[in-house]
Each structure stands twice: as C-alpha cells, then as structure tokens.
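In: here's a sequence, model it:
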Amino acid sequence: MKIIVPMAGRGSRLRPHTLTVPKPLIPIAGKSIVHRLVEDIAKILKEPIEEVAFVLGDEAFFGDDVVASLTDLAKSLGAKASIYRQDQPLGTGHAIMCAKDSLSGPAVIAYADTLIRADFELDPSADAVIWVKQVDQPEAFGVVKLNQNNEIIELVEKPKEFVSDLAVIGIYYFKEIGVLRNELQNVLDNNIKNGGEYQINDGIKAMMANGKVFKTGSVDEWMDCGNKDVTVETNTRMLGFLHNDGEHLVDYGVTLENSTIIPPCYIGENVVLKNTTIGPNVSLGNGCHVTDSTIKNSLIQTYSQIKNADLDNAMIGNHVSYDGKFTSISIGDYAVLE
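Out: Numbering: from 1, shown residues only. Down below sits the predicted model:
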C-alpha cells in the first residue's frame, strides 16, 4: 500500500503562520497536520505501508528541513519516502501526476489540510473508495451521489438542490492507482480544465464512465485547518480526542511555579509556567515561557515568550514575544490583533 500526499499549497488563508512554515507542518496538539493525517490513515488501512510520496512546492519554501521531517515520518511507518515537486499550482490532478512514478498498485491519496478520526474496513468489492463525512449543509461542499447499491455514480460540487449529505473530504483509496494515473494523463494530454486547473475529479469521472465501482468510506470526525479559527477549533477537538484516548500530553519536565494546567492541554518540552493558568484546550510547543497569564482554547507554537496575557481563541507562532501590557509593537505582514 502507498500513500500519496499532495501538499504544495502555501496556505494563504492561514497567514501569517504559513509565511515561514508550510501549512501541513503547523502543529495540532503537538504534532504536525501531515504527521497526524498520515499516521491515522495508516492505522485505518491496517496493512503495511510500502511508500509515502509527498508532492511539495518549490524548494525555497519546502526546503531540506521539510524533506527531512517527511522522510522521518515515512520511516516511522516502515515506508520509503519519495519527494516530488509541483512547481506551478495547476490543480489537484496535476499535483497527483507530479508523483507519476509512484502511481502504481493500491494507494490512498490524501490532501494534507485536513484531519480525521475513523475506523472502517475498505470494501473489497470496490475499485475505489471516496472518504466522506455526513454534513448539515451539503450545499457548501462537494458531495457524492449514490445509486440503489450505495455505489457512487456522480460527484456534485456545491449542489443547489439536495443530492446527498455526504461531503467529499479529500481522501481517496484506489485498488489500482495506475487506472487513475492513465485517466489523469488523458486529462493533461487533452488540456481538460475546470476552473483553469487540472482536477482529480475529471480522472475519477472518467473511471466511473468506464464502469469502475466507487464506494464510500465514512469518517467519524472531519477537522479542517483552513484558517485560524477552524485550526484553533481543530486543536481543541484533537486535544479532547487524545485526552479521552488516555494519551499523555504534558511533558514530565514542565516547570510549574504557582501555576495550574487545566486539561486537556498539550505541553511540550522545556516549557516554563509562572503565575499562570493554562487550559482547557491549549497547545504549548517546546521551549515556551509563560508568565502572569491566563490562556485557554489556544494554539501556541515553539519558543515563544508570553507574559501579562489573557488569551482565548488565540493562535501564536514560533519565537514570538508577547506582553499583554504592550506599549511598543513590532507586527509583521497579515498579523491580526482583535
């Protein structure tokens, strides 16, 4: 089994956090989005992972440190890491075809801007499985249309009239991904574009037209990381899941001076808390120092210094110095104070 992970986008809706860190490497409850996604997919598949192929953007942004992190992720699963580049943002289908040399055998494609919680068996009768989540407002999503045999017969983008309430979440299984590769090659060769881009859906629709059977795999939880607010919400939800699973989330070496941690919280290594209340639903990355503060429902990355703060629904990056009693400010591009 292979996992193909297109992750070349810059994550503009999550600025300023993605100005220096690719969105898939933003930490959620102490672990990057792409690490959590790939590990959770591997657990669902319940079979050895042979290769993880990552499709990255330009080397200036997705540099050696990113490649090293992703290589370690693949190795942790006992898999080979393959690195490909998508130099131009030409669509989901184009991104997949950048990994053309890895597109053979059974494989899962997963876009690295979402997280899931799921436990289901892949339908052995299906040529492909599209992972879906039941939603309350299907008109806001791409959805699947099913026949009487619960086979997917159509993909409908943001339907104005009710088609189904099963939203496509951006994860797909193919019994033989080479079939999709051939259909996407045809899309590229014939310059078939939607919205000015080459889309995976055009390859999938061609497979359906040729009689391939598509089934659904329903996930229990689907968490987005598209912008700041939903990323903080996803961090909150993930902390709750991990806490209920019994996972230890607070580093044993945390320094507490007249401070309280209200679970669930993730606290990384070498964190110092003085006269501070943290939680619930806070992630604090390695090396953070927090003094005279109250923080809840927030995500703070690494090596940041926070003092005199009263924060709720906050997202703070790496190496930030924040004093709630500020009189002098240095704020970069796309920063928000509310």
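In: thought P280 was touching Y266?
Out: No - using CB atoms under 8 Å, P280 is not in contact with Y266; the gap is 11.3 Å. In this view, the C-beta of every residue, glycine as well, is placed from N, C-alpha and C.
In: what do these two both touch?
Out: L239 (CB atoms under 8 Å, 6 or more residues apart in numbering).
In: and the two? Which one has more around it.
Out: Comparing P280 with Y266 by other CB atoms under 10 Å, the one with more neighbours is Y266, at 28 against 15.
In: residues contacting I28?
Out: Neighbours of I28 in contact, by CB under 8 Å, 6+ apart: 36, 115, 225, 231, 234-235, 238, 283, 299.
In: I'd like the distance between the closest residue to G170 other than its chain neighbours and I171.
Out: The spatially closest residue to G170, leaving aside those adjacent along the chain, is Y111, at 4.0 Å (CB to CB, 6 or more residues apart in numbering). Y111 sits 7 Å away from I171, going by CB to CB, to the nearest Å.
In: also D136?
Out: Taking CB to CB, one finds D136 at 20 Å from I171.
In: repeat that for L155.
Out: 14 Å.
In: in terms of neighbours, single out the busier of those two.
Out: Using other CB under 10 Å as the criterion, L155 and I171 rank with I171 on top: 24 against 20.
In: beta partners for the spatially closest residue to that one that is not a sequence neighbour?
Out: Distance criterion CB to CB, 6+ apart; nearest residue to I171, sequence neighbours excluded, is W131 at 4.1 Å. Beta-bridge partners for W131, by DSSP bridges, are G217.
In: isn't W131 up against I116?
Out: Yes - if you go by CB under 8 Å, W131 and I116 touch, sitting 7.4 Å apart.
In: who has more neighbours, the two?
Out: Applying other CB under 10 Å to W131 and I116 shows that W131 carries more neighbours, namely 25 against 20.
In: now for that one: which residues touch it?
Out: 116, 118, 168-173, 216-219.
In: swap in H289?
Out: 271-272, 274, 304-306.
In: run the last query once more with 7 Å
Out: 272, 305 (CB atoms under 7 Å, 6 or more residues apart in numbering).
In: how many residues are close by V129?
Out: Residues near V129, counting by other CB under 10 Å: 21.
In: and the host helix or strand of it, how far out from the chain middle?
Out: Assigned by DSSP states H and E, V129 belongs to strand 128-134. Its chain's C-alpha centre and that of strand 128-134 lie 16 Å apart, by CA atoms, centre = their mean, to the nearest Å.
In: and the average pLDDT for that strand is what?
Out: Strand 128-134 shows a mean pLDDT of 93.
In: tell me which residues of that strand come out buried.
Out: If you call a residue buried by 16 or more other CB atoms under 10 Å, then strand 128-134 has these buried ones: 128-133.
In: could I get the average pLDDT for the strand ranked longest in the chain?
Out: The single longest strand within the chain, with elements called by DSSP state E, is strand 166-174. The average pLDDT for strand 166-174 rounds to 93.
In: continuing past that strand, what's the next helix or strand?
Out: helix 177-189.
In: where's the residue lying closest to L45 once chain neighbours are set aside relative to A74, distance?
Out: Excluding the flanking residues, the one nearest L45 by CB to CB, 6+ apart is M1, at 5.7 Å. For M1, the distance to A74 (CB to CB) stands at 13 Å.
In: equivalent analysis for I262, please.
Out: 36 Å.
In: what residues are up against the residue lying closest to I261 once chain neighbours are set aside?
Out: Spatial nearest neighbour of I261, chain neighbours left out: I278 (5.0 Å); criterion: CB to CB, 6+ apart. Going by CB under 7 Å, 6+ apart, I278 touches 261-262, 265, 284, 290, 295.
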